[in-house]
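Asks: Here is the input, now give the coordinates:
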Amino acid sequence: MEDAGAGKPNNINQELENARTGYQAAITMWAHEVGLFWGISNALLLANSLIVGVVTILGLGLGGTASSVNSPESRYWLVVLVVFFGFCLCVLWSHSLERTLHWQKYWIWSARELEEKFLKQPVQTLSRGGRLADAKDVKAALRIDGNEELLELPLILKSWKGRHSARALVVIFFLAYIVLLAHAVATYCSC
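Replies: Below you'll find the predicted structure:
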């Protein structure tokens, strides 16, 4: 007959191994979300930049010599259509941004939870990073050449996080479309 406690160290080792596997999976998924975020952002930044360029060219009447594009009414409706498409891209960009930021937070928090529960003694990377991201100084366990080092966020990063910049970029394009549309309306109505 086996001792009931004999399997306990094996269960603890298995639990720790499962935590390490979950931790690695969460970090991998977080890295995937970050890559997805930048891929989507770069594509939509390029698309919106091209749309602003097209609207500017159309609005200034530099769109060519075809009579159908050179009439003020045709240019006006084409500008309105392209600006509407730009508005739609901004909405999609905003949705994609919020979705990827949400999943990034989920995966990093999942990994941090596992780190703090199972791996806290040897691994504190995400715990320290979380305190740093929350604009708190990080000092404990950062040993470089035997010395404790204080890592502090610059003042601008304490109040303005990267996600705010990403959101601001979408708002800037949205406002640019409002200005371009207002210009087109004012130009067309004055004809």
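
Asks: rest of the way, CA atoms for contacts and neighbours
Replies: Will do.

Asks: Show me what the helix or strand containing Trp38 is packed up against.
Replies: Assessed by DSSP states H and E, Trp38 sits inside helix 8-59. For helix 8-59, the packing partners by 3 or more Cα pairs under 8 Å, 6 or more residues apart in numbering; DSSP states H and E come out as helix 72-118, helix 162-189.

Asks: Give me the helices and strands touching the longest one, please.
Replies: Applying 3+ Cα pairs under 8 Å, 6+ apart, we find helix 72-118 packed against helix 8-59, helix 125-133, helix 162-189.

Asks: which SS class is Lys136?
Replies: Assigned with DSSP: H, G, I helix; E, B strand; the rest coil, Lys136 falls in the coil class.

Asks: which one is it nearest to, not counting chain neighbours?
Replies: Glu152 (7.5 Å; Cα to Cα, 6 or more residues apart in numbering).

Asks: I figured that neighbour was touching Asp134, is that so?
Replies: No: contact criterion Cα atoms under 8 Å: Glu152 and Asp134 do not qualify, at 10.9 Å.

Asks: Could I get the average pLDDT for whatever helix or strand Ile156 lives in?
Replies: If you go by DSSP H and E, Ile156 is part of helix 155-159. Mean pLDDT, computed over helix 155-159, is 76.

Asks: how much distance is there from it to the middle of the chain?
Replies: 18 Å (Cα atoms, centre = their mean, to the nearest Å).

Asks: Show me what that helix is packed against.
Replies: Secondary elements touching helix 155-159 (3+ Cα pairs under 8 Å, 6+ apart): none.

Asks: If we use 10 Å, what do you get?
Replies: If contacts are counted by 3 or more Cα pairs under 10 Å, 6 or more residues apart in numbering; DSSP states H and E, helix 155-159 sits against helix 125-133.

Asks: who does the helix it packs on touch, helix- and strand-wise?
Replies: Helix 125-133 packs on helix 72-118, helix 155-159, going by 3+ Cα pairs under 10 Å, 6+ apart.

Asks: Note down every partner strand of the following helix or strand past that helix and its orientation.
Replies: The first helix or strand that comes after helix 125-133 along the chain, using DSSP H and E, is strand 143-144. Its sheet considered, strand 143-144 pairs with strand 147-148 (antiparallel) by DSSP bridges.

Asks: mean confidence for the partner strand?
Replies: Here the average pLDDT along strand 147-148 is 79.

Asks: Please apply the same query to stretch 127-142.
Replies: Mean predicted confidence for stretch 127-142 is 70.

Asks: do stretch 79-92 as well
Replies: Stretch 79-92 carries an average pLDDT of 92.

Asks: Would you mark the buried spots in it?
Replies: Along stretch 79-92, these residues count as buried under the neighbour rule (16 or more other Cα atoms under 10 Å): Val79, Val80, Val82, Val83, Gly86, Phe87, Leu89, Cys90.
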